[in-house]
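Q: give the three-dimensional model of this entry:
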Amino acid sequence: MIIAISNHKGGVSKTTTTVNLGAALAIQNKKVLLCDLDPQANLTQSLGVSEFKVSIYDALRGNAKLELIQVKENLYVIPACVDLAAVDLELASEPGREFILKELLSKIADEFDFVLLDCPPSMGLLTINALVAADEYLIPLQAHFLALKGVGKLIEVEKKITSRLNPNLKLCGVLLTQFDNRKILNRDVKETISEHFGAKLFKTQIRNNIALAEAPIHGQDIFTYSPESNGASDYLDLSKELIL
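A: A predicted model of the protein is given here:
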């Protein structure tokens with residue numbers, strides 16, 4: 001299954017979710033591939049990947065085959081670099097440019113149980129490529145009312161993509177992140193999201209946890225950095241919910 005992890009708004013834990021959900025699935029003997037589609041390369045850096053010859057940029061440009069780097073048992077990554085920022089312009093006149101990632105992944109996706117695509121916080125060509133290549137998309141959502149605006153934009157784009165480019169695309173679910181059940185605002189947002197998305201709101205919420213912010217500094221996922229933390233517990237619960 002290919003899942004795009006996307007939200008138009010930044011700072012909602014897209015990369016944190018991609019890294020740690022992937023690591024949680026790997027712990028449960030699922031073979032997982034993570035693909036970094038953000039020019040900031042935060043996912044690549046979060047996993048401590050610094051030396052590679054080929055990035056997703058090179059593959060999208062048709063200059064090289066995809067390079068898969070194994071970071072731990074059952075967990076692989078396709079790294080990104082800052083050059084990705086130029087993709088929108090460089091591929092503007094490329095025929096079928098929305099399908100390039102889908103074509104690349106079609107050659108290797110069957111080797112994995114899950115492929116997770118970390119999208120940039122924009123609705124440019126990279127995010128469109130991810131949504132066209134994906135079977136489903138997952139929306140991480142910070143429990144603030146302003147974050148709801150990003151969801152509305154994403155749903156609009158998803159409708160256009162399903163009607164024009166990928167009719168099989170489905171919503172995997174909405175994930176509340178940086179959640180604090182003690183805060184009335186967080187509980188109110190959860191209620192609002194639940195009313196709108198119903199069963200598509202994951203039962204698991206990712207609680208505020210400093211270890212989730214610290215782990216990338218060490219180039220580690222949460223299970224390597226702090227396996228007893230709330231962050232590890234939450235992402236493990238999320239992975240189990242996803243598998244079911």
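
Q: and after the helix-or-strand element of the chain with minimal mean pLDDT, which helix or strand comes next?
A: Least confident helix or strand, the chain: helix 148-164 with a mean of 81, by mean pLDDT, DSSP states H and E. Beyond helix 148-164 on the C-terminal side, the first helix or strand identified by DSSP states H and E is strand 170-177.

Q: residues of that following strand that come out buried?
A: Of the residues in strand 170-177, those with enough neighbours to count as buried (16 or more other C-beta atoms under 10 Å) are 172, 173, 174, 175, 176, 177. Every C-beta, even on glycine, is put in place using the N, C-alpha and C of the backbone.

Q: adding distance to residue 230, write those out as a markdown table.
A: Rendered in a markdown table, the data for the buried residues of strand 170-177 read as follows (distance: C-beta to C-beta, whole Å):
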| residue | distance to residue 230 |
| --- | --- |
| 172 | 23 |
| 173 | 20 |
| 174 | 20 |
| 175 | 15 |
| 176 | 14 |
| 177 | 12 |
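
Q: from the residues you listed, pick the one nearest residue 56.
A: Distance from residue 56 was checked for each of the buried residues of strand 170-177 by C-beta to C-beta. The minimum falls on residue 172, at 21.4 Å.

Q: my guess is the closest one meets residue 242, correct?
A: Yes: when contacts are counted by C-beta atoms under 8 Å, residue 172 is listed as touching residue 242 (7.5 Å).

Q: helices of this protein, start to end?
A: For the chain, helices defined by DSSP state H occupy the ranges 14-27, 42-46, 56-60, 87-90, 100-106, 125-133, 148-164, 184-197, 210-214, 222-225, 230-243.

Q: out of the ones you listed, the one nearest residue 113 is which?
A: Comparison of the helices of the chain against residue 113 by C-beta to C-beta identifies helix 14-27 as nearest, at 7.2 Å.

Q: that closest one vs helix 230-243, what angle?
A: Our comparison of helix 14-27 with helix 230-243, counting by axes from the mean of the first three to the mean of the last three C-alpha atoms, to 10 degrees, yields an angle of 70 degrees.

Q: just how off-centre is helix 14-27 within its chain?
A: 9 Å (C-alpha atoms, centre = their mean, to the nearest Å).

Q: dump it to PDB, restricted to CA.
A: Coordinates of each C-alpha in helix 14-27 appear next as PDB, following Å, rounded to 0.1, in the frame of the first residue of the first chain:
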ATOM      1  CA  LYS A  14       4.000  15.200   8.600                       C
ATOM      2  CA  THR A  15       7.700  14.200   8.700                       C
ATOM      3  CA  THR A  16       7.500  13.000  12.300                       C
ATOM      4  CA  THR A  17       4.600  10.900  11.400                       C
ATOM      5  CA  THR A  18       6.200   9.400   8.300                       C
ATOM      6  CA  VAL A  19       9.400   8.500  10.100                       C
ATOM      7  CA  ASN A  20       7.800   7.100  13.200                       C
ATOM      8  CA  LEU A  21       4.800   5.400  11.700                       C
ATOM      9  CA  GLY A  22       7.200   3.700   9.300                       C
ATOM     10  CA  ALA A  23       9.500   2.600  12.100                       C
ATOM     11  CA  ALA A  24       6.500   1.300  14.000                       C
ATOM     12  CA  LEU A  25       5.400  -0.800  11.000                       C
ATOM     13  CA  ALA A  26       8.900  -2.100  10.600                       C
ATOM     14  CA  ILE A  27       9.000  -3.300  14.200                       C
END
